[in-house]
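Asks: Based on what follows, work out the 3D shape:
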Amino acid sequence: MPRVRPRSLRLRLTLVVTLAVGLALTVASFVLVNSMSNTLFGGMTDAAALQVDKVADALEHGQPLPPEDPSAATLIRVEDEAGKVVASVPETGAKAVADRPVPDGRTRATEASADDIPPAKDFEIVPARTVSTPQGEARTVRAISRSGQITQSIDLVVNSLLVAAPVLTVFVGWLTWFAVDRALRPIEAVRRRAEAISHSTLDERLPEQDTGDEVGRLTRTLNRMLDRIASGARRQREFVSDASHELRTPLAAMRAELEVSLAHRGNADWRNVATRLLDDHRRLERLTGDLLTLARLDEAAVSRRAEPVQLDEIVAGEIGAVRHAEVRPALTPVRVTGVVPELVRLVRNLLDNADKHAAGVVAVHLRRDGRQVIFTVEDDGPGVPPDQRERVFDRFFRVDGSRDRASGGVGLGLALVRRIARSHGGDVTITASPTLGGALFEVRLPTP
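Replies: Predicted coordinates for the structure are as follows:
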């Protein structure tokens, strides 16, 4: 049978604290009463035993009985071998209890007044001591202590605890309920606000309280999480919008080409039409491939098989793709850990970008610097203005008209380069080439 637990955190905390306090008070009360009883009765027994020793020593040495101790509530009786009381300290106390039944069941034949006889429950007989007098007679010294006052004190404490412990437990439970309620109010306010936030209201934020406690830190953390979600949603909307635009453009061009050719089918040069359609198809294929690559890199759950790679071999294999410019390579054998197809795409995109914008020369360098591998590609083209050097890594961004659709670019190549570099634990930056005067792209990757 499943356990039924209260759904309210406030109720659960109150029950736990109340039960814990109630259990603690019960244990503490038991320990207190037990310690008090042992202390009081132990003190009474020690005092009675001391008086017994005094009287017994006096009898043993033939001395007069010691006077009554005013601070002791104990009756000392001296009995002969037949059990008859022959002396007492004080005498009135002994006389008063002579005919009273005592806990050992014996009776003393001595007259006593009602005022001198306390109830039998008020007596407690402590261990006796038997001695011999100088006359050779055996005498038993027995102490009977009045325990009624101690019993009444213990009963008073017990009765007080029976009332105080439940009252204190209830008070602590109420106080806990009140404190937890006050503590949970900010959380409830955050919950209500969070419940109202949806995909269409991601700009709203949770109410922050400058208290410096856990609730304040939780609220700030949740607001930062909402910032990241809103930023990601905004990038996703922009990406979808740009991607749809980029996909719609070649499709519209292909449709227009076909419509014009069909309208003038007798004069149409179908070979040129097929060539232009094939170019648009290749552009679409490259665009969709880049989009799929970006989506795969953005998906953290995708398993990426990283392995040791000779990066210099990948760079040397891709240099042949540069067709319009002279390549000046300077490669040092280096090894990195990464995904081969992604590293190939990184190198190819940088070389394609340099080939499109170079006036005539592209320099490629690969070297090792400590625990990093540095791969640079620079050209003698117009370069990138400083205020746009970060924006070139945005998706679908073009610096100027030179990077138009006629060149085949859609603004995803450099975005892929940065995404691949960062997924491998590195990064890419752009500066001005000190030797060629154009753009210099520098990729830094960690070594194994």
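Asks: Could you tell me which ranges of the stretch 1-150 of the chain sit under the pLDDT cut-off?
Replies: Along the stretch 1-150 of the chain, the model assigns pLDDT under 70 to residues 1-7, 68-73, 91-127.
Asks: what are the ranges of the strands in it?
Replies: Taking DSSP state E, counting those that start in this stretch, the strands of the stretch 1-150 of the chain run over residues 74-79, 85-89, 123-125, 129-132, 138-146.
Asks: Same check on the stretch 251-400 of the chain?
Replies: Going by DSSP E, counting those that start in this stretch, the stretch 251-400 of the chain shows strands at 307-310, 326-331, 335-338, 361-369, 372-379.
Asks: Pull the contacting residues for residue 389.
Replies: Contacts for residue 389 (CB atoms under 8 Å, 6 or more residues apart in numbering) come out as 429, 430, 431. To be clear about C-beta, it is placed using only N, CA and C from the backbone, and glycine gets the same treatment.
Asks: would you say the first one is within a helix?
Replies: Read it as residue 429. No. Secondary structure of residue 429 (DSSP: H, G, I helix; E, B strand; the rest coil): strand, not part of a helix.
Asks: Let me know how buried the nearest residue to it once chain neighbours are set aside is, in neighbour terms.
Replies: Using CB to CB, 6 or more residues apart in numbering and skipping the chain neighbours, the partner closest in space to residue 429 is residue 442 (5.3 Å). Residue 442 has 15 neighbours, counted by other CB atoms under 10 Å.
Asks: surely residue 442 meets residue 427?
Replies: No. Counting by CB atoms under 8 Å, residue 442 stays clear of residue 427, with 9.0 Å between them.
Asks: Show me where the stretch 201-350 of the chain dips below the pLDDT cut-off.
Replies: 211, 242, 245-246, 298-304.
Asks: Now for the residue sitting furthest away from the middle of the chain: which residues touch it?
Replies: Residue farthest from the centre of the chain, counting by CA atoms, centre = their mean, is residue 135 at 86.0 Å. Residue 135 makes contacts with residue 62, as judged by CB under 8 Å, 6+ apart.
Asks: Dihedrals phi and psi, it?
Replies: phi -80, psi 0 (degrees, to the nearest 10).
Asks: related to what we said a few turns ago, distance of the residue nearest to residue 429 from residue 372?
Replies: As judged by CB to CB, to the nearest Å, residue 442 and residue 372 stand 11 Å apart.
Asks: same thing with residue 284?
Replies: 37 Å.
Asks: before we move on, what about residue 273?
Replies: With CB to CB as the criterion, residue 273 and residue 372 are 51 Å apart.
Asks: Residue 285 too?
Replies: For residue 285, the distance to residue 372 - CB to CB - is 35 Å.
Asks: Residue 142 now?
Replies: 99 Å.
Asks: of the two, who's got more company?
Replies: residue 142 (23 against 16).
Asks: who touches the more buried one in this structure?
Replies: 52, 76, 77, 78, 79, 125, 128.
Asks: Quick one: the helices in the stretch 51-200 of the chain, in order.
Replies: 91-96, 148-196 (DSSP state H, counting those that start in this stretch).
Asks: ok, back up a step: okay, the strands of the stretch 251-400 of the chain, which one's buried deepest?
Replies: strand 372-379 (a mean of 23; mean count of other CB atoms under 10 Å).
Asks: ok, residue 130 - contacts?
Replies: 138, 139, 140, 141.
Asks: redo that, cut-off 10 Å
Replies: Counting by CB atoms under 10 Å, 6 or more residues apart in numbering, residue 130 makes contact with 56, 79, 81, 138, 139, 140, 141, 142.
Asks: Tell me which two of these sit farthest apart.
Replies: Taking CB to CB as the measure, the contacts of residue 130 span a maximum distance of 15.3 Å, between 56 and 81.
Asks: Just want to know which of those two has more residues nearby.
Replies: It is residue 56, of residue 56 and residue 81, that has more neighbours when counted by other CB under 10 Å, with 19 against 10.
Asks: Test my guess that the more buried one contacts residue 87.
Replies: No. Look at residue 56 against residue 87 with CB atoms under 10 Å: they stay out of range, at 11.8 Å.
Asks: Spit out the residues that contact the two alike.
Replies: Common neighbours of residue 56 and residue 87 (CB under 10 Å, 6+ apart) are 76, 78, 139, 141.
Asks: Nearest to residue 268 among those?
Replies: Nearest to residue 268, judged by CB to CB, of the shared contacts of residue 56 and residue 87 is residue 76 at 139.9 Å.
Asks: Just give me the neighbour total for that closest one.
Replies: 26.
Asks: Beta-bridge partners for it, please?
Replies: Note on residue 76: beta-bridge partners residue 89, residue 143, judged by DSSP bridges.
Asks: Could you tell me how far it is located from residue 55?
Replies: For residue 76, the distance to residue 55 - CB to CB - is 5 Å.
Asks: which residues are in contact with both of those two?
Replies: With CB under 10 Å, 6+ apart, residue 76 and residue 55 have common neighbours 65, 66, 87, 88, 89, 141, 142, 143.
Asks: Of those residues, just say which sits nearest to residue 13.
Replies: Nearest to residue 13 among these, with distances taken as CB to CB, is residue 143, at 55.3 Å.
Asks: Figure out which of the strands of the stretch 1-150 of the chain is closest to residue 25.
Replies: Of these, nearest to residue 25 by CB to CB is strand 123-125, at 30.0 Å.
Asks: Burial check on the closest residue in space to residue 18 that isn't next to it in sequence, number of neighbours?
Replies: Nearest residue to residue 18, sequence neighbours excluded (CB to CB, 6+ apart): residue 173, at 3.7 Å. Using other CB under 10 Å, residue 173 is surrounded by 17 other residues.
Asks: contacting residues around the nearest residue to residue 297 once chain neighbours are set aside?
Replies: Nearest residue to residue 297, sequence neighbours excluded (CB to CB, 6+ apart): residue 419, at 4.9 Å. By CB under 10 Å, 6+ apart, the contact set of residue 419 is 293, 294, 296, 297, 298, 342, 345, 346, 393, 395, 412, 428.
Asks: which of those has the most neighbours?
Replies: If you rank the contacts of residue 419 by neighbour count (other CB under 10 Å), residue 346 sits at the top with 29 neighbours.
Asks: list the buried ones in stretch 148-165?
Replies: Within stretch 148-165, the residues that count as buried by 16 or more other CB atoms under 10 Å are 150, 151, 154, 157, 161, 165.
Asks: pretty sure the fifth one is touching residue 33, no?
Replies: Yes. With the criterion set as CB under 10 Å, residue 161 and residue 33 qualify as a contacting pair; they are 7.2 Å apart.
Asks: rewinding a little: name the SS class of the residue nearest to residue 429, please.
Replies: Going by three-state DSSP: residue 442 is strand.
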